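Participant: After the sequence you'll find the predicted model.
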Amino acid sequence: MSITWIATILVIEDCLSELKLISHYLSDRGYNIIKATSAKEALEIILEEKPDAIVTDVVMPGMSGFELCRFIKTNLTSQKVPILICSSKNQAIHCLWAKKQAADAYITKPYTPEQLLNVIQSLTHKPTN
């Protein structure tokens, strides 16, 4: 008998069309998706659901994706959750700032489904023991 591990990914995006697109790409590949449209909503979900990875936008009302990333990475219960920042901010300084906030990966919009999936796969890969 073989057991397949399926990662649960929290997608945080305030643009509903972008949220739907990212969720579609990932669910088509077999990932379980949890959606949030704000950082505040995402924090509540993280505490309850304990996702295996997080994909977040940067520009959101209330708390930015950078601020959210920094908060998550300093919270002892969720600091090991890999975070992918997916943003239209495409200058090198934005990628550097994401790394300073402890983001595990950064991709810019527009991206291809393959780019998104490759990064997610690298973040959610569970080594076999």
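Facilitator: Sure, I can see it. Residues are numbered from 1 along each chain as shown.
Participant: Helix, strand, or coil at the spatially most central residue of the chain?
Facilitator: Compute the mean C-alpha point of the chain, and by CA atoms, centre = their mean the closest residue is Val55, 1.4 Å away. Recorded secondary structure, Val55: strand (DSSP: H, G, I helix; E, B strand; the rest coil).
Participant: and if you look at the one 4 residues further on?
Facilitator: Local secondary structure at Val59 is given as coil here, using three-state DSSP.
Participant: Just give the number of residues close to it.
Facilitator: Val59 is flanked by 12 other residues according to other CB atoms under 10 Å. Backbone N, C-alpha and C define where each C-beta goes, glycine included.
Participant: Do I have it right that it meets Phe66?
Facilitator: No - the criterion here is CB atoms under 8 Å, and Val59 misses it with Phe66 at 9.6 Å.
Participant: Who are the contact partners of the nearest residue to Ser88 once chain neighbours are set aside?
Facilitator: Nearest-residue entry for Ser88: Lys109, 4.5 Å, with adjacent residues in sequence omitted and distances by CB to CB, 6 or more residues apart in numbering. Applying CB atoms under 8 Å, 6 or more residues apart in numbering to Lys109 gives the contacts 18, 86-88.
Participant: What distance do you get for Leu10 to Lys99?
Facilitator: 20 Å (CB to CB, to the nearest Å).
Participant: which of these two has more neighbours?
Facilitator: In this view Leu10 and Lys99 are compared by other CB under 10 Å, and Leu10 has more residues nearby, 23 against 14.
Participant: how about the worst-scoring helix or strand of the chain on mean pLDDT as PDB, C-alpha atoms only?
Facilitator: One helix or strand of the chain scores below all others by mean pLDDT, DSSP states H and E: helix 92-100, with a mean of 89. Extracted in PDB, the C-alpha atoms of helix 92-100 (Å, rounded to 0.1, in the frame of the first residue of the first chain):
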ATOM      1  CA  ALA A  92      16.000  43.500  -7.700                       C
ATOM      2  CA  ILE A  93      15.500  45.500  -4.500                       C
ATOM      3  CA  HIS A  94      12.100  43.800  -4.000                       C
ATOM      4  CA  CYS A  95      13.500  40.300  -4.200                       C
ATOM      5  CA  LEU A  96      16.300  41.300  -1.800                       C
ATOM      6  CA  TRP A  97      13.700  42.800   0.600                       C
ATOM      7  CA  ALA A  98      11.700  39.600   0.400                       C
ATOM      8  CA  LYS A  99      14.800  37.600   1.400                       C
ATOM      9  CA  LYS A 100      15.400  40.000   4.300                       C
END
